[in-house]
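**Student:** got a sequence here, can you model it:
(one chain, ligands or ions: 2)
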Amino acid sequence: MNEITAAVTALKKQLGARVRIMGHHYQSDAVVAHCDITGDSLELARRVPDVDAEHIVFCGVFFMGESAALLAKPGQAVHLPAPDADCMMSLMTPAGLARRVLEQLTATGRRVVPLAYVNTTLALKAVVGEYGGAVCTSANAETMLRWALDQGDGVLFLPDKHLGRNTAGKLGLTPDEQHILRLNGHGLIDAERQPLDRPLLLWPGCCAIHARLRPEQAEAARAAYPGCRLVAHPECRPELIERCDAAGSTSFLIREAARLAGEAPGSTLVIGTENNLVDRLADRHKGRCRILPLGRAYCPDMAKVTEAKLLATLSAIAHGTAEPLAVEAALCGPARRSLTRML
Ligand code: 13P
Ligand code: SF4
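**Tutor:** Ligands and ions are numbered 1, 2, ... in the order given. Predicted coordinates for the structure are as follows:
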């Protein structure tokens, strides 16, 4: 055990039940080893209300910490070891721009319900709450999109166009029923020339890490490992998802690896998602199932959380100098409405 690992372990023991460490599956093994609770974004959000500790240390990106702070008990502090770990997709939907676009879309009296992926800021979730919309994660996107389509005349799905299109495909929506919005920093471009009456309008954002994985890599994997099973996260491009055997959230991918290792020992599973998770699954099922990444895809923001920063956060808590994440009070009501509609 190295010095930092030993120091984190000792400090965690000293703080005892006062602190709970939560971490997303994309965290490094070194950080995951200290987590009391690990999960995908839906599982972590669901677990927060059950945590009784005085302090929650959240190892993940900023929007996940904000959601935890929103769902935490009054007086409970949420700390981010790396507050600069800011999911780049969540920054693709500035709240002011989303409000402007919603104003434009609803100006004619059309009821457009926003459905925001959980990978968005608190300010954006508040706008969504004000417009009667909800939040979804990759684990429940189908259920939530079906719900949103039933609410009004159209749905604005944001920010991930790939997740939106992959989910729409599962619900049987045709490409003609969808439109990726053309925007600039002020709102819709040429609104009168865009087919804004389609049931599903998509914000033009995506996760650069998952979008990096290409359909040609799926073909190469099939050729290199005949008979392999190929699965991917729905943040990947639809052209890649079409070539996969299945697609689903982080928790789905974890279950799929366990299932294959149990039911088809000796088989090969190729996974298109963040590589910290794939590497961990490969280790976990070594000797029973060969698990390989579809391509290189490490999230640089998730990697900003390190054992050293976790140590600094725990030390600050122990010394009473930690500064918990502060969420803007005015945003909490509407943002909580959009989150709890999902939960
Ligand atoms: P999950 O919702 O599957 O945890 O994914 C979160 C994320 O950031 C994926 O890139
Ligand atoms: Fe955001 Fe993509 Fe990183 Fe997930 S993998 S946290 S969506 S940048």
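
**Student:** surely Arg198 touches Gly154?
**Tutor:** Yes: using C-beta atoms under 8 Å, Arg198 is in contact with Gly154, at 6.9 Å. Glycine gets a C-beta too; all of them are placed from N, C-alpha and C.

**Student:** now stretch 45-65: mean pLDDT?
**Tutor:** Averaging pLDDT along stretch 45-65 yields 95.

**Student:** one more: stretch 137-151?
**Tutor:** 94.

**Student:** quick one: buried residues of it?
**Tutor:** Buried residues in stretch 137-151, counted by 16 or more other C-beta atoms under 10 Å: Thr137, Ser138, Ala139, Asn140, Ala141, Glu142, Met144, Leu145, Trp147, Ala148, Leu149.

**Student:** hang on, the earlier thing: Arg198 and Gly154: who's more crowded?
**Tutor:** Gly154 (21 against 16; other C-beta atoms under 10 Å).

**Student:** anything in the one helix or strand Leu230 maps to near ligand 1?
**Tutor:** Under the criterion of DSSP states H and E, Leu230 resides in strand 229-232. No: using C-beta under 6 Å from any ligand atom, strand 229-232 never reaches ligand 1; the gap is at least 11.5 Å.

**Student:** for that strand, name the packing helices and strands.
**Tutor:** Helices and strands touching strand 229-232, by 3 or more C-beta pairs under 8 Å, 6 or more residues apart in numbering; DSSP states H and E, are helix 215-224, strand 246-247, helix 250-263, strand 268-272.

**Student:** ok, residues contacting the second one?
**Tutor:** Residues outside strand 246-247 that contact it (C-beta atoms under 8 Å, 6 or more residues apart in numbering): Asn166, Arg229, Val231, Ala232, His233, Pro234, Cys236, Ile241, Phe252, Glu256.

**Student:** among the residues you listed, list the two that are farthest apart in space.
**Tutor:** Asn166 and Arg229 (18.2 Å; C-beta to C-beta).

**Student:** who has more neighbours out of those two?
**Tutor:** Asn166 (25 against 20).

**Student:** in stretch 150-164, what counts as buried?
**Tutor:** Buried-residue list, stretch 150-164, by 16+ other C-beta under 10 Å: Gly152, Gly154, Val155, Leu156, Phe157, Leu158, Pro159, Asp160, Lys161, His162, Leu163, Gly164.

**Student:** let me see the mean pLDDT of the helix or strand hosting the fourth one.
**Tutor:** Here Leu156, judged by DSSP H and E, is contained in strand 154-158. Regarding strand 154-158, the rounded mean pLDDT is 97.

**Student:** need the CA coordinates for that strand. CSV is fine.
**Tutor:** These are the backbone C-alpha positions of strand 154-158, laid out as CSV (Å, rounded to 0.1, in the frame of the first residue of the first chain):
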residue,chain,number,x,y,z
GLY,A,154,-43.3,17.9,-28.6
VAL,A,155,-40.2,17.1,-26.5
LEU,A,156,-36.9,19.0,-26.4
PHE,A,157,-34.3,16.4,-25.4
LEU,A,158,-31.0,17.9,-24.2
